[in-house]
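A.B. asks: the following comprises the amino acid sequence and a computationally predicted model.
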Amino acid sequence: MSPVIRTRELTRRFGDFVAVDRVSFEVERGEIFGYLGANGAGKTTTIRMLCGLLPPSGGEAEVNGVDVARDPSAVKRSLGYMSQRFSLYLDLLVEENLEFFGGAYGLGGAHLRRRIDEVLELVELGHERRALTRALPGGLRQRLALASATLHEPSILFLDEPTAGVDPGARRVFWRLIRALSAGGTTVFVTTHYMDEAEFCQRIGLMVDGRLVALDTPDGLKREHVPGQICEVDGPQVHRALELSRTLEGVLDAQPFGAAAHVRLDPARLGPEGLLAALERGGLQQINVRPTEPSLEDVFLAVIETEGRRS
Amino acid sequence: MSAFLVRTSAIARKELLHFLRDYQAIYLALGMPLVLVILFGYAVTFDVDRADLAVVDQDHTPASRHLVASLNASDTFRVATRLESAGGVEALFRRGAVKALVVIPRGFGRRLERGESADFQLLLDGADGTLARTILGYTAGITQAETLERLRQAGLSARLPLEPRVRTWYNPRQRSALFIVPGLVAFVLAIIAVLLTALTVAREWERGSMEQLFSTPVGRLSVVLGKLAPYVALGFLQMLLVVVAGAWLFDVPLRGSFLLLILATALFLFCVLGQGLLISVITKNQQVATQVGAISALLPSLLLSGFLFPIENMAWPLQWIARIVPARYMISCLRGILLQGRGLDQIWPDLLAMAAIGLVIVLAATMRFKRRLD
């Protein structure tokens, strides 16, 4: 199988600032590829280069076999793009927005009408067809933007933070749509900073300060970056539990995790029962220790820490 | 239909929808031409109508009363105050109560009877230069008529050695409206076209929709032409609005060809819409675009176009700058077509100039219009 996106040493500078620093990766056809990173890590800049919106300063990127620097127009015909900011026209009706973007992709007549019906059905917005876009809530706007980006049946979809600022229910619906598109053979390249969403991706690239520092399946990332046994520790004195854990033999790492703490153990030296016993010996009461699976957030924190030590 | 036409018409349609849903833009585009016609047609006038006059008659003879009566009889003057001496007039000038003072000295009537030359004094408020000049002209005319009348009564040959016989063509009564309204077409089109188009591109940059638009294969020529098309239609509508309102309210004629009027309007719109687009493409910001648009459209088409002030009287650097103001050529065309009935054989240099200016501006806007985000 040949990759549909391929970058080699892709670089973008803005003056002295290196937004994207020699990034190389490949994305296979039909894959859901997650691109993770903090704000300003270079996610949007990478997407803009891949969509032919921003010329690279160095390196290469091919989308569907076309060099984005050499022929941005050809690249644009085969991809759909949903920018970070909602950028459909609020003063147009839902179907007028679709008619406009269909026209912009060169579709017209009966074909466009059929495609509008199809995408509205796909994103379950048929009943809002005559609604003013301004009147749609955030979740529905995102679905409309997705519909608009898929009008011309692109083989690749680039979604830049598609669920930012959308409520959890609407996010779930949105990801169901993304999986449906992927099942139909569309490659999806999606950026997010929601770690729970990243679990839906087949492979994940992790960006830190413009560099791609990790790239694997979610399970592969967890095995590599958070080895050992993760235990979730909670109770009324989480903070003290964290401090105490860090002093124990056999504890690899201890980090706050929401209202609780994640303590990572080297199973050869310390098990969850041993951790609980040690904490209770330290005077903590009502403490719970529960073995758990590492999350991508654990991966993210571990990688950030490694990168922090390196620089 | 080719993909280019599909894309261009999609953009034109969308732009039209934006316009139709923006009440402010509709008011601006259709209300402002009418307001300006009424405002300029009635308010901007170089005709003096009933200028207030103060009179000091120290003579109190039939002759002096006759002079005052003949000044008062014309539509130009209205005797507002009679003073005992010229001393009080400065206060009246300051208050703006009168614009001129006529002082008829003692002995005026006696000197006339004796056949001597009789003087009277005309004091003008020069703060308003245009008005002062006009009053001076009218007074000279009335005095000359009086003089000839007296000579005729004295049985002398009522002939001046040199006497112009004036007939003013195209505007026989020299009404200002006939001079103003054709220029107003250019003025209205320039301001509204530049303002509206300056907003269109800047708005899309600000809202982020330009990025979405550029992710599609739409070419920049499609964007430029598609965005301009609805405003071309609107421009024709505004031109008709001003011409019809001018004909109805001020009897402004259309002596030349209507088709030629359409052609001149099309070329002028090409220039001003391109100007708005260029501003929009460069500034990428609605507020800045509005300000730059207003200034760059308003000032040249008001001051350097011959709309109100003849270009021939300007200092040479201004005359030189006026050569690249498209409104100047449009106003020349409009007066030619509406008032003089000129044909293509006479106005083609103006049309050519507008075509050239428009081409340069639209090309510059298209080139500057990058389809990328850096």
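C.D. replies: The structure has been received and is ready for your questions.

A.B. asks: which residues does residue 161 contact?
C.D. replies: The chain I'm using is chain A. Contacts were defined as CB atoms under 8 Å, 6 or more residues apart in numbering or on different chains; by that measure residue A:161 touches A:43, A:44, A:84, A:191, A:192, A:193. For every residue, glycine as well, the C-beta is placed using N, CA and C.

A.B. asks: need the three-state assignment for residue A:165.
C.D. replies: At residue A:165 the chain is in coil, as set by DSSP: H, G, I helix; E, B strand; the rest coil.

A.B. asks: can you give me the neighbour number for the closest residue to it other than its chain neighbours?
C.D. replies: Closest residue in space to residue A:165, ignoring its immediate chain neighbours: residue A:138 at 6.1 Å, by CB to CB, 6 or more residues apart in numbering or on different chains. The burial metric for residue A:138, expressed as a neighbour count using other CB atoms under 10 Å in any protein chain shown, is 14.

A.B. asks: quick check, residue A:138 in contact with residue A:164.
C.D. replies: No. At 9.3 Å, residue A:138 and residue A:164 do not qualify as touching, with contact defined as CB atoms under 8 Å.

A.B. asks: check the residue nearest to residue B:49 when sequence neighbours are not counted and give its pLDDT.
C.D. replies: Distances taken as CB to CB, 6+ apart put residue B:75 closest to residue B:49, at 6.3 Å, once the chain neighbours are dropped. Taken from the predicted model, the pLDDT recorded for residue B:75 is 74.

A.B. asks: same question for residue A:253.
C.D. replies: 86.

A.B. asks: cool, and the one 10 residues further on?
C.D. replies: Turning to residue A:263, the model gives it a pLDDT of 90.

A.B. asks: which residues does it bridge with?
C.D. replies: Residues in a beta bridge with residue A:263, per DSSP bridges, are residue A:231, residue A:254.

A.B. asks: wait, it sits on residue A:228?
C.D. replies: No. At 9.7 Å, residue A:263 does not count as touching residue A:228 under the criterion of CB under 8 Å.

A.B. asks: for the chain, what spans make up the strands?
C.D. replies: Reading this off chain A. Counting by DSSP state E, residue ranges of the strands within chain A are A:3-14, A:17-28, A:32-37, A:58-63, A:66-67, A:79-82, A:156-160, A:187-192, A:203-208, A:211-216, A:229-234, A:251-257, A:260-265, A:288-292.

A.B. asks: the intended chain is chain B.
C.D. replies: With DSSP E as the criterion, chain B has strands spanning B:51-57, B:77-83, B:100-104, B:121-124.

A.B. asks: buried ones in stretch A:68-76?
C.D. replies: Under the neighbour-count criterion of 16 or more other CB atoms under 10 Å in any protein chain shown, stretch A:68-76 has A:68, A:69, A:72, A:74, A:75, A:76 buried.

A.B. asks: residue A:63 versus the fourth one, what's the distance?
C.D. replies: Right, residue A:74. Taking CB to CB, to the nearest Å as the measure, residue A:74 falls 9 Å from residue A:63.

A.B. asks: quick check: neighbours shared by these two?
C.D. replies: Looking at what touches both residue A:74 and residue A:63 (by CB under 8 Å, 6+ apart), there is no common residue.

A.B. asks: so what's residue 71 scoring on pLDDT?
C.D. replies: Reading this off chain A. What the model reports for residue A:71 is a pLDDT of 89.

A.B. asks: wrong one, I was asking about chain B
C.D. replies: The score at residue B:71 is 84. That number is its pLDDT.

A.B. asks: that one contacts residue B:102, doesn't it?
C.D. replies: Yes. In this structure, residue B:71 sits in contact with residue B:102. The criterion is CB under 8 Å, and the distance is 6.7 Å.

A.B. asks: name the residues contacting each of those two.
C.D. replies: Common neighbours of residue B:71 and residue B:102 (CB under 8 Å, 6+ apart) are B:53, B:139.

A.B. asks: spatially nearest residue to residue B:50, not counting backbone neighbours?
C.D. replies: Take residue B:50 and drop its neighbours on the chain: the residue closest to it by CB to CB, 6+ apart is residue B:78, 4.5 Å away.

A.B. asks: what sits against that neighbour?
C.D. replies: Under the criterion of CB under 8 Å, 6+ apart, the contact list for residue B:78 reads B:50, B:51, B:52, B:53, B:72.

A.B. asks: give me the pLDDT value at it.
C.D. replies: Reported pLDDT at residue B:78 in the predicted model: 85.

A.B. asks: residue B:37 now?
C.D. replies: Each residue has a pLDDT score; the one for residue B:37 is 88.

A.B. asks: count of neighbours near the closest residue in space to it that isn't next to it in sequence?
C.D. replies: Taking CB to CB, 6+ apart as the measure, residue B:37 lies nearest to residue B:245, with 4.5 Å between them; neighbours along the chain are not counted. For residue B:245, the count of nearby residues is 19 (other CB under 10 Å).

A.B. asks: and what of residue B:25?
C.D. replies: Burial measure for residue B:25: 17 neighbouring residues, criterion other CB under 10 Å.

A.B. asks: residue contacts, the residue in the stretch 51-200 of chain B positioned nearest to chain A?
C.D. replies: With CB to the nearest CB as the measure, the residue in the stretch 51-200 of chain B that lies nearest chain A is residue B:200; the distance is 12.1 Å. If you count contacts by CB under 8 Å, 6+ apart, residue B:200 has them with B:15, B:18, B:227, B:276, B:277, B:280.

A.B. asks: which ones among these map onto helices?
C.D. replies: Mapping the contacts of residue B:200 onto helices (DSSP state H) picks out B:15, B:18, B:227, B:276, B:277, B:280.

A.B. asks: for residue B:8, see how far away the closest residue to residue A:64 other than its chain neighbours is.
C.D. replies: Nearest in space to residue A:64, with sequence neighbours left out and distances taken as CB to CB, 6+ apart, is residue A:78 at 4.8 Å. As defined by CB to CB, residue A:78 lies at a distance of 22 Å from residue B:8.

A.B. asks: so between these two, which is more surrounded?
C.D. replies: For residue A:78 versus residue B:8, the count of surrounding residues by other CB under 10 Å is larger for residue B:8: 23 against 17.

A.B. asks: mind listing what that one touches?
C.D. replies: Applying CB under 8 Å, 6+ apart, one finds that residue B:8 lies in contact with B:221, B:222, B:225, B:226, B:229.

A.B. asks: closest one of these to residue A:308?
C.D. replies: Nearest to residue A:308 among these, counting by CB to CB, is residue B:222 at 48.3 Å.

A.B. asks: give me the pLDDT value at the closest one.
C.D. replies: 89.

A.B. asks: residue A:311 now?
C.D. replies: According to the prediction, residue A:311 has pLDDT 67.

A.B. asks: ok, now residue A:64?
C.D. replies: At residue A:64 the predicted local confidence, pLDDT, stands at 92.

A.B. asks: before we move on, the earlier item: what subset of the contacts of residue B:8 is buried?
C.D. replies: B:222, B:225, B:226, B:229.
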